[in-house]
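Undergrad: model this:
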Amino acid sequence: MININKVGAQIAALRKARGLTQAELGERLNVSFQAVSKWERAEALPDIGLLVDLAGILGTSADNILTGG
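TA: From the prediction side, this is the model:
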């Protein structure tokens with residue numbers, strides 16, 4: 001079972017550790033900063049098609065993101 005709150009917190013923590021803004025991460029994934037914000041606030045999950053690229057940008061695995069670390 002995926003815990004959306006843990007996923008959002010993990011994305012935010014990894015993004016900040018990489019020194020990226022929500023806008024910069026969104027730009028690299030071709031999504032809006034609002035989409036990134038929704039992920040981090042646990043209002044939505046990233047599209048499955050973005051997960052591999054998201055993990056690569058954040059320097060982790062898709063599994064690490066989905067399990068919240």
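
Undergrad: can we go C-alpha only for contacts and neighbour counts from here?
TA: Fine.

Undergrad: report the longest helix in this structure, please.
TA: When the chain is parsed with DSSP state H, its longest helix is helix 4-17.

Undergrad: elements contacting it?
TA: helix 33-40, helix 62-66 (3 or more CA pairs under 8 Å, 6 or more residues apart in numbering; DSSP states H and E).

Undergrad: let's see it at 6 Å
TA: Packing contacts for helix 4-17, counted by 3 or more CA pairs under 6 Å, 6 or more residues apart in numbering; DSSP states H and E, involve helix 33-40.

Undergrad: pull out the buried residues from the helix it packs on.
TA: 33, 35, 36, 37, 39, 40 (16 or more other CA atoms under 10 Å).

Undergrad: what does that helix contact?
TA: Residues outside helix 33-40 that contact it (CA atoms under 6 Å, 6 or more residues apart in numbering) are 8, 9, 12, 22, 23, 26, 44, 45.

Undergrad: go again using 7 Å as the cut-off
TA: 8, 9, 11, 12, 22, 23, 26, 44, 45, 46 (CA atoms under 7 Å, 6 or more residues apart in numbering).

Undergrad: can you count the residues close to the third one?
TA: Right, the one you point to is residue 11. Neighbourhood size, residue 11 [other CA atoms under 10 Å]: 25.

Undergrad: would you state the predicted confidence (pLDDT) at it?
TA: Predicted confidence (pLDDT) for residue 11: 98.

Undergrad: what sits against it?
TA: Contact analysis of residue 11 by CA under 7 Å, 6+ apart lists 40, 65.

Undergrad: how about the fourth one?
TA: By CA under 7 Å, 6+ apart, the contact list for residue 12 reads residue 40.
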